[in-house]
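**Student:** Next comes the sequence, and after it the predicted model I'd like to discuss.
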Amino acid sequence: MTKQLILNAFDMTSAMHNSHGLWKHENSRRHREYKDPHYWMEIAGLLEKGKFDAVFFAEVLGIYDTYRQSRGPSLRDGMQVPAIDASYVVPFMASVTKHLSFAITISTTYEQPFSNARRFSSLDHLTNGRIAWNVVTSYLPNAARNFGLEDMVRHDKRYTIADEFLDVSYKLWEGSWEEEAVVEDGDNSTLVNPDSVHEINHKGNFFSVAGPHLSEPSPQRTPVLYQAGTSEKGRAFAARHAECIFVGGPTPLKIREYIEDIKAQARELGRNPDHLKFFSFLNVVVAPTTEEAERKFAEYDDLWSVDSAKAQFAGASGQDLSFYESLDPSLPFDFKKTEHAHYKQATVDRDPKKQPTIRQVLSRFEHIDRETYIVGNPQQVADGIQKQFEESGVDGFNLNHLLTPGDLEAFVDLVVPELQVRGIYKTSYKEGTLREKLFDHESAHLPDDHPGYGYKVKPETFEAKGEKTR
């Protein structure tokens, strides 16, 4: 059977996402309507029409203020701010769809595992098992200050915290409530069997959580776990915990290299590599004809905000580009080690054998980066997607869209039918929860090779410890 690609719409519940300056376009709606539930319900219906597997919501907890050491460039173009919490949007979108799933980004650096576990159990119940958690560790200095810290937690320590955060989460989701704890026994005046609900009594280096979990087991118990693993620490974390992994790279071959590395690490940990799905980003501008697509791309490029693009790169990478703007542009661009994210460097440092010059790096932000976009008619775009799909070894893509909802509508109407004709994209949804749709586990729950499965509640464990219900 031909391998079929998985598609997520990459979005954010904010005025603008990665469409720097395009709020000025006459057909832009998101900056005015992102606060309106009906806007998101419309988007949900469109994505389900296009058989998208999920909408993936990005999130940040601060303003990008590294570029020029100022928040001005971000605020002027609404670069991921203002924003609302995607958790509250999901139930509206779920109410008008049956199959579309939802990935929510939550940081392990600034949240608490107990409240986060209830958030995802609630969403999993309310969506009938269509929820995923994109696990992030957060990188913006402003985010750290918003949560009472003078400086960001160091990059590698953030992953150490995340490891323990996940372990606590598994204990709550998998080990606190037995499957049949809710008995609804009127004869014995018992709704919940107290002997089937257990404290977790976690005491670690970063968290102390007594439990029990406040929510009864949801359809998936543990939500599907998404994570972006590019750094060495990130790839190790993904190999242990993630089910869906976003891998960025300058070329399809580099992406394939990262995929094979994570699979090898997962195998060493006793996980089946087939239980991991890999994604990369997909940038598309499509129209009925090549000429129309080129005109559309040029129109977007004319509205592009250089400052906003630089602000995003600087905040994510920790490289304040304004420092380099005053130097000789022919000099090599010296990537300084920072405690920010590590994935952004790959977007401008594309030749592993040659260090880019300052001019080459800065020029990447002057226009929409055409090298990373597939622009053309439906057949040309489908050709480009199929090529990336086959060469990189990914299982699917996170689809960016510059103008919302116009570019999503164009993709659904023009590209999806072409992919379906080629047999590389589904024509109908598989039934079940998100985990059942993505994998062949024959269960909505974690497979037995996942570390979270090891925390699965076993009544005999509590009996052996002599636990008594009070």
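**Tutor:** Looks like it came in fine. Numbers count the residues shown, from 1 in each chain.
**Student:** G393 and K254 touch, don't they?
**Tutor:** No. Between G393 and K254 there is no contact under Cβ atoms under 8 Å: 11.1 Å. Yep, even glycine has a C-beta here, placed from its N, CA and C like the rest.
**Student:** Could you tell me whether E436 really is in a helix?
**Tutor:** Yes. Per DSSP: H, G, I helix; E, B strand; the rest coil, E436 lies within a helix segment.
**Student:** what sits against the closest residue to it other than its chain neighbours?
**Tutor:** The shortest distance from E436 to any non-neighbouring residue, by Cβ to Cβ, 6 or more residues apart in numbering, is to A444 (5.5 Å). A444 makes contact with 129, 219-221, 432-433, 435-436, according to Cβ atoms under 8 Å, 6 or more residues apart in numbering.
**Student:** which one among the residues you listed gets closest to K353?
**Tutor:** Of all the contacts of A444, K353 sits closest to R435, with 41.1 Å by Cβ to Cβ.
**Student:** now the closest one: how far from L225?
**Tutor:** 10 Å (Cβ to Cβ, to the nearest Å).
**Student:** ok, these two, which is more surrounded?
**Tutor:** Remark: of R435 and L225, R435 carries more neighbours, 27 against 22, as counted by other Cβ atoms under 10 Å.
**Student:** Please verify my assumption that that one contacts Q220.
**Tutor:** Yes. If you go by Cβ under 8 Å, R435 and Q220 touch, sitting 5.5 Å apart.
**Student:** list residues touching both of the two?
**Tutor:** With Cβ under 8 Å, 6+ apart as the test, R435 and Q220 both reach 129, 444-445.
**Student:** Now flag whichever of these is closest to S428.
**Tutor:** The closest of these, once distances to S428 are taken by Cβ to Cβ, is G129, at 18.3 Å.
**Student:** wait, the closest one sits on Q220?
**Tutor:** Yes. When contacts are counted by Cβ under 8 Å, G129 is listed as touching Q220 (4.9 Å).
**Student:** Looking at the two, which is more packed in?
**Tutor:** Q220 (27 against 21).
**Student:** That one reaches H445, doesn't it?
**Tutor:** Yes. Applying Cβ under 8 Å, one finds Q220 in contact with H445, separated by 6.5 Å.
**Student:** Touching both of the two, which residues are there?
**Tutor:** R435.
**Student:** Can you get me a residue count around L47?
**Tutor:** L47: 27 neighbours (other Cβ under 10 Å).
**Student:** which SS state does the residue nearest in space to the middle of the chain fall under?
**Tutor:** For the chain, the residue nearest the mean C-alpha position is N134 (4.6 Å; Cα atoms, centre = their mean). Three-state assignment for N134 (three-state DSSP): strand.
**Student:** in what helix or strand does S121 lie?
**Tutor:** Take DSSP states H and E as the rule and S121 turns out to sit in helix 113-126.
**Student:** so what does that helix touch, helix or strand wise?
**Tutor:** For helix 113-126, the elements it packs on are helix 90-95, strand 101-107, strand 131-136, helix 155-175, judged by 3 or more Cβ pairs under 8 Å, 6 or more residues apart in numbering; DSSP states H and E.
**Student:** Ignoring the adjacent residues along the chain, who's closest to A94?
**Tutor:** T127 (4.3 Å).
**Student:** Over to the one you found: give its phi and psi.
**Tutor:** phi -110, psi 0 (degrees, to the nearest 10).
**Student:** All good on my end, thank you.
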